[in-house]
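J.: Give me a 3D structure for the following:
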Amino acid sequence: MKTLTLLRHAKSGWDDPVARDFDRPLNPKGHKAARTMGRHLRQADYAFDHVVASPAVRVVETLAQIEDGYGGSLAAEWDRRIYLASAATLLDIVHELPEMAGHVLLVGHNPGLEDLALLLTPDDGNPFRDAIESKYPTGSVTQMTLPGRWNEADRGMATLTRFTRPRDLDPSLGPDAD
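T.: Coordinates of the predicted model:
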């Protein structure tokens, strides 16, 4: 049995003038949400033996804040393919995960992460899946279990076990009123 956790980067700053989307940083709400999610990961006993992440600035900053809240380094492996990747590309990355890794954290972007979660899990009325299908907000964490090996992961094989949004932990981290 394998465990895959998906983390969408925290809220980024659209008001920050950057030349490339890749360089867009987190905004203050994103920093707070990522630290909050890091504390949640620690308190809920998430433990990862492999972390792979997009090298985009907003993901790097999200992981730094997650580590601050988590209380330790996650030692991410940076993979440029994750930046704005489709579910198909992310599934290829899952297929390439080291077999010795039992619990992997994959950190990236939407819509790829949401689409991957929906691809891997059956539409069986699981309330977590329904919530993901409705909206996969920035900073959200999804956990699922997969039978077998990483390279065997396929459509509808995973079981969703957790879905947590920053606003579930702190209502001030919910959608802006504007």
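J.: Can you tell me how far the spatially closest residue to His109 that is not a sequence neighbour is from Asp21?
T.: The shortest distance from His109 to any non-neighbouring residue, by C-beta to C-beta, 6 or more residues apart in numbering, is to Leu84 (5.5 Å). All C-beta spots, glycine's among them, are computed from the backbone N, C-alpha and C. Leu84 is 8 Å from Asp21, where distance means C-beta to C-beta, to the nearest Å.
J.: tell me, how many neighbours does the residue nearest to His109 end up with?
T.: Leu84 has 15 neighbours, counted by other C-beta atoms under 10 Å.
J.: Would you list the phi and psi of the closest residue to Leu26 other than its chain neighbours?
T.: Among residues not flanking Leu26 along the chain, Glu61 sits closest, at 4.6 Å (C-beta to C-beta, 6+ apart). Dihedral angles of Glu61 (phi, psi; degrees, to the nearest 10) stand at phi -70, psi -40.
J.: show me the contacts for Glu61.
T.: 10, 25-26, 30-31, 34 (C-beta atoms under 8 Å, 6 or more residues apart in numbering).
J.: Just give me how far stretch 138-158 sits from the chain centre.
T.: 12 Å (C-alpha atoms, centre = their mean, to the nearest Å).
J.: With stretch 79-98 instead?
T.: For stretch 79-98, the distance to the chain centre is 12 Å (C-alpha atoms, centre = their mean).
J.: Cool, thanks, talk later.
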